[in-house]
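Visitor: need a structure here:
(chains A, B and C)
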Amino acid sequence: MTVKYAVAGLVLMLLCGCETVQPWERGLLAKDGMQWTPDIMDARLRSQIYASKEASSGGAGAAGGGCGCN
Amino acid sequence: MQRVDHSFKAMGGPARFRMEVDDVGLADVAVTAAVAEVERLERKYSRYLDDSLTSRINRAAGTDEVIPVDAETAGLLHYATTVWRESGGLFDLTSGVLRRAWDFRSGRLPGQSEIDAILPLVGWDKVRWDEQGVSLPLKDMELDFGGCVKEYAADSAAAQLQRHGVQCALVDLAGDMAAAGAPLHGPGWPIGIRHPRARDSAAATVILPKGGLASSGDYERCMEIDGVRYGHILNPTTGWPVGGLVAVSVLADQCLVAGSAATVGMLKPASQGLEWLEGLGLPWLAIDMDLQCHGNLLEAGSH
Amino acid sequence: MAAQKNDRNPALMALTSSALLLPAYQSVQADAPPEFAEAGMQYSKYKEDDITGKKAFGGGSERFDIDVAQFHLLAPVLDDWSVAVDVAWEDMSGASPWFVGESASGDPKVIMSGASIEDTRTEVSVTTRYYFDRGNGGLSLTYSDEDDYESKAVAFDGAFNSADGMTTYSGAISYSDDHIDPTQGAVPTNTTSASKDIYSAWAGVTRIVSKRAIVRFGLSYTYRDGFLTDPYKFRDSRPDERKEWVASGGYRRYFEEQNSALHVDYRYFNDDWDVQSHTLDVAWVWDYSPAVTYTPFIRYYTQHEAEFFNNLAQRDQRYFADDYRLSAFGAFSYGLRASRKIQNWEVSVDAERYQTDESWGVFSGEESPGLVDFWRYGIGLNYIFK
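Guide: Numbering: from 1, shown residues only, chains lettered A, B, ... in the order given. This next block holds a predicted model:
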């Protein structure tokens, strides 16, 4: 099941964005709101809270350390 | 390391790349890309070519047609606006039309009425442009990117050589130079600065490790009438020659900036030009009407 | 030497900065440390809704009340390095479900830990990062300590840009060594000392799709080995291994007319405990003005129950857990973050409401009476050293 998703995702990625965007055209992408994670502390907090209340974790990097989440 | 030179003609003058490379094959690929880049810019911005962007813009002057511009042209328009502002309106890419009144081969001065007829067509603030397009509101107005394209082309050609793996290169477009990396032996590229009187020999040698060196000279085209020298650098607000400094050379991180700095130095009356050049904080050299040398380029630029 | 005293002459600065916008001066995306150092603090509080008498024995009880203080520092070091320090202090107090029993009418109800639990956790993480022209690599060390749990983790991550700067390939691996020494007292525990190891690897690709949009796709695998049972839950017994797979995708798109960026993130989780989940996060980062930004967000989460989840233990169950966290449910949360910039400072406030219900999930299963809802509030302060 996961393999299906993996392949679909990769195909999607290859299909989109075939025209090169020149470095001087990347101004919009540099805006604060376009950063992948605009706020580090907020992301760490929410990720920690959800992982302690749900059975899933991860999504944006390797797992890292654990905690005695009860 | 091998020394490779490539000479060609571009932008109305002699062009040369001086490089030091390990792999001559790599140099060939790089040279091809850099020459193509210079030719691309010439085809796009030359006012002498009918199908250039500049010619299309000039043909549409006075009509409602807005000529679309890409990011590069918008960037040049933005740059030209910045220089126009910093120079107090003296650096003006619309001032080219004044050449219609001045014929330096004739030895004849234009009448004030001839100049007055053209002056309304000059004025960067009249140009309508934004990120998407440009238009000239009055018929017979002209845009001439010549005031920055050659220096920009030198920088762009040097960047192309660098991107293709050449680590020591000097681009020389008829005196406008951009270095991408110094030669292996020595602190930089040795460049001769010409003295206006002795046209064939160098007045001094400057070492350029990286960045750009641009020169502006009023000694190539001029007329002398009744003992008064009329140079071809015209003040866009009066239409008359500036009569300021005779030659200026400036060293900057970009040949484009060096070129504009030098040009503005020439557009101001002599003493103001010297103040402008001094105030920028860049290595500079200027020669005045009395053929006196000013500036710190020779101390700062040589080792 | 071309010695430019850029900080002295405004005319030169104006010409140079205007020139640098032109194509010839753009080097292909060279990776570099952040230009300025930044520091930030955030205080958050989240309070779980009380559990009612309908779901718990003893007429209902409060649940967790958690205060979190965070500190963050990111600074460039020399020309090619950066250092980041992240600290979090978490103070938990309240009651937690101990186990699930059957009421007189046959409904499953939670028996809460009677006395109040009090625990403080401190986590410190330091990351050093090296930047080279086509990417960067980072090494992180994290130490987490609380009354009954200690975790030491090391992680290494890297990112590499393609020649045209349009694609970034990233990867990360981590190892964590955890120890649990359960606090005796509030409830009897089923172990006094145990440990576990967590190994994880992640790979991702990020791609610029247009002048205003980027997309990312990632895959990760995590292996947990050791004592995975919850020591505070009566009769809880879980396998001593857990293998997890995560596939994730994200999209960021800028809308010029609205001065806003749309953030969409999707995650699919699957493990060998039969837990599967889908998560969808959507946020709208709206620059109301150059100084003020509002970010409303919603999140939808749904999970399948673990293979051994039951409210009441079945006779021949090898593994068992009645922990609501392993039951089938759907969770929906929504919230708003608002921030204001004042020169080099930025103040932010945010609030979120999180609610769960078995019927909101796409996977059906036994509904746990212990499902939790909470409110979260936070206030933060950031400073950029310009």
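
Visitor: Burial check on the closest residue to B:A61 other than its chain neighbours, number of neighbours?
Guide: The shortest distance from B:A61 to any non-neighbouring residue, by CB to CB, 6 or more residues apart in numbering or on different chains, is to B:L136 (3.8 Å). C-beta coordinates here come from the backbone N, C-alpha and C atoms, glycine included. With neighbours defined by other CB atoms under 10 Å in any protein chain shown, the count for B:L136 comes to 24.

Visitor: same for the lengthiest helix in chain B, what does it pack against?
Guide: Taking residue count as the measure and DSSP state H as the definition, the longest helix of chain B comes out as helix B:24-45. Counting contacts by 3 or more CB pairs under 8 Å, 6 or more residues apart in numbering or on different chains; DSSP states H and E, helix B:24-45 packs against strand B:2-10, strand B:13-21, helix B:53-59, helix B:146-163, strand B:168-173.

Visitor: ok, 6 Å please
Guide: In this structure, helix B:24-45 makes packing contacts with strand B:2-10, helix B:146-163, judged by 3 or more CB pairs under 6 Å, 6 or more residues apart in numbering or on different chains; DSSP states H and E.

Visitor: Which residue ranges of the stretch 1-150 of chain C form strands?
Guide: Listed in chain order, the strands of the stretch 1-150 of chain C (DSSP state E, counting those that start in this stretch) span C:37-48, C:65-77, C:81-94, C:97-102, C:108-112, C:117-132, C:135-146, C:149-161.

Visitor: among the ones you listed, which is nearest chain B?
Guide: Of all the strands of the stretch 1-150 of chain C, it is strand C:149-161 that lies closest to chain B, at 14.8 Å by CB to the nearest CB.

Visitor: What pairs with that closest one, parallel or antiparallel?
Guide: Applying DSSP bridges to the sheet, strand C:149-161 is found paired with strand C:135-146 (antiparallel), strand C:167-180 (antiparallel).

Visitor: just those strands: most buried one?
Guide: strand C:167-180 (a mean of 19; mean count of other CB atoms under 10 Å in any protein chain shown).

Visitor: now the strands for the stretch 201-303 of chain B?
Guide: Taking DSSP E, counting those that start in this stretch as the criterion, the stretch 201-303 of chain B contains strands spanning B:202-208, B:211-217, B:222-225, B:228-231, B:247-252, B:284-287, B:293-294.

Visitor: re earlier: CSV for the strands paired with strand C:149-161, including mean pLDDT?
Guide: Written out in CSV, the entries for these read as follows (pLDDT from 0 to 100):
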stretch, mean pLDDT
strand C:135-146, 95
strand C:167-180, 94
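
Visitor: In JSON lines, list these along with distance to C:W245.
Guide: Written out in JSON lines, the entries for the strands paired with strand C:149-161 read as follows (distance: least, CB to CB, whole Å):
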{"stretch": "strand C:135-146", "distance to C:W245": "23"}
{"stretch": "strand C:167-180", "distance to C:W245": "15"}
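
Visitor: Any stretches of the stretch 201-350 of chain C with poor pLDDT?
Guide: In the prediction, the stretch 201-350 of chain C carries no residues with pLDDT under 70.

Visitor: Near chain A, which residues of it are found?
Guide: Of all the residues in the stretch 201-350 of chain C, those in contact range of chain A (CB under 6 Å from any CB of the partner chain) are C:201-202, C:207-209, C:211-212, C:217, C:219-220, C:222, C:232, C:245-249, C:252, C:254, C:261, C:267-270, C:275, C:277, C:285, C:303, C:325-326.

Visitor: so what are the domain limits for chain B?
Guide: Following automatic domain parsing, one finds the domains of chain B at B:1-47+B:145-185, B:53-144, B:209-303.

Visitor: Out of those, flag the one nearest C:H179.
Guide: domain B:1-47+B:145-185 (53.0 Å; CB to CB).

Visitor: which residue ranges form the helices in chain A?
Guide: With DSSP H applied, chain A shows helices at A:2-15, A:40-53, listed in chain order.

Visitor: Go through those and find the least confident stretch.
Guide: Set side by side, the helices of chain A show their lowest mean pLDDT on helix A:2-15, which sits at a mean of 64.

Visitor: which bits of the stretch 1-150 of chain B sit near chain C?
Guide: Of all the residues in the stretch 1-150 of chain B, those in contact range of chain C (CB under 6 Å from any CB) are B:E72, B:G75, B:H78, B:Y79, B:T82, B:E86.

Visitor: dump the residue contacts of the first one.
Guide: By that I understand B:E72. B:E72 sits next to C:P23 when contact means CB atoms under 6 Å, 6 or more residues apart in numbering or on different chains.

Visitor: Does it belong to a helix, a strand or coil?
Guide: Look at B:E72: counting by DSSP: H, G, I helix; E, B strand; the rest coil, its state is helix.

Visitor: can you check the second one too?
Guide: Under three-state DSSP, B:G75 falls in the helix class.

Visitor: got it, and the fifth one?
Guide: Assigned state for B:T82: helix (three-state reduction, three-state DSSP).

Visitor: Look at it and say how many residues are nearby.
Guide: Under the neighbour criterion other CB under 10 Å, B:T82 is assigned a count of 20.

Visitor: quick one: pLDDT of it?
Guide: Taken from the predicted model, the pLDDT recorded for B:T82 is 93.

Visitor: That one contacts C:S17, doesn't it?
Guide: No - using CB atoms under 6 Å, B:T82 makes no contact with C:S17, being 8.3 Å away.

Visitor: if we can go back for a sec, mean pLDDT for the domains of chain B: which is lowest?
Guide: For the domains of chain B, the stretch scoring lowest in mean pLDDT is domain B:209-303; its value is a mean of 88.

Visitor: can you tell me if that one touches chain C.
Guide: Yes - counting by CB under 6 Å from any CB, contacts between domain B:209-303 and chain C involve B:G211, B:L251, B:D253, B:Q254, B:L256, B:V257, B:L280, B:G281.

Visitor: Spit out the contact partners of the fourth one.
Guide: Okay, so that is B:Q254. Taking CB under 6 Å, 6+ apart as the definition of contact, the neighbours of B:Q254 are B:D155, B:G212, C:A19.

Visitor: Roughly how far does it sit from B:G212?
Guide: Using CB to CB, to the nearest Å, we find B:Q254 at a distance of 5 Å from B:G212.

Visitor: ok, back up a step: and of the residues of domain B:209-303 next to chain C, the nearest to B:T63?
Guide: B:L256 (30.7 Å).

Visitor: That closest one: how many residues sit nearby?
Guide: A count of neighbours around B:L256, defined by other CB under 10 Å, yields 33.

Visitor: you'd agree it is up against B:E151?
Guide: Yes - in this structure, B:L256 is within contact of B:E151 by CB under 6 Å, at 4.5 Å.

Visitor: still on that earlier bit, can you tell me how far the residue nearest to B:A61 is from chain C?
Guide: Computed with CB to the nearest CB, to the nearest Å, the distance linking B:L136 and chain C is 22 Å.

Visitor: Doesn't C:Y377 lie inside a helix?
Guide: No - per three-state DSSP, C:Y377 lies outside any helix segment and is strand.

Visitor: need the contact list for it.
Guide: Applying CB under 6 Å, 6+ apart, one finds that C:Y377 lies in contact with C:K45, C:A351.

Visitor: partner residues bridging it?
Guide: For C:Y377, the residues forming beta bridges with it (DSSP bridges) are C:K45, C:A351.

Visitor: wait, doesn't C:A153 sit right on C:D178?
Guide: No - at 8.3 Å, C:A153 and C:D178 do not qualify as touching, with contact defined as CB under 6 Å.

Visitor: Report the spatially nearest residue to C:A328, omitting neighbours in sequence.
Guide: Counting by CB to CB, 6+ apart, the residue nearest C:A328 is C:G365, at 2.9 Å.

Visitor: now do C:R337
Guide: By the measure of CB to CB, 6+ apart, the closest residue to C:R337 outside its immediate chain neighbours is C:D350, 3.8 Å from it.

Visitor: In this structure the one you found contacts C:G378, no?
Guide: Yes - using CB under 6 Å, C:D350 makes contact with C:G378 at a distance of 4.9 Å.
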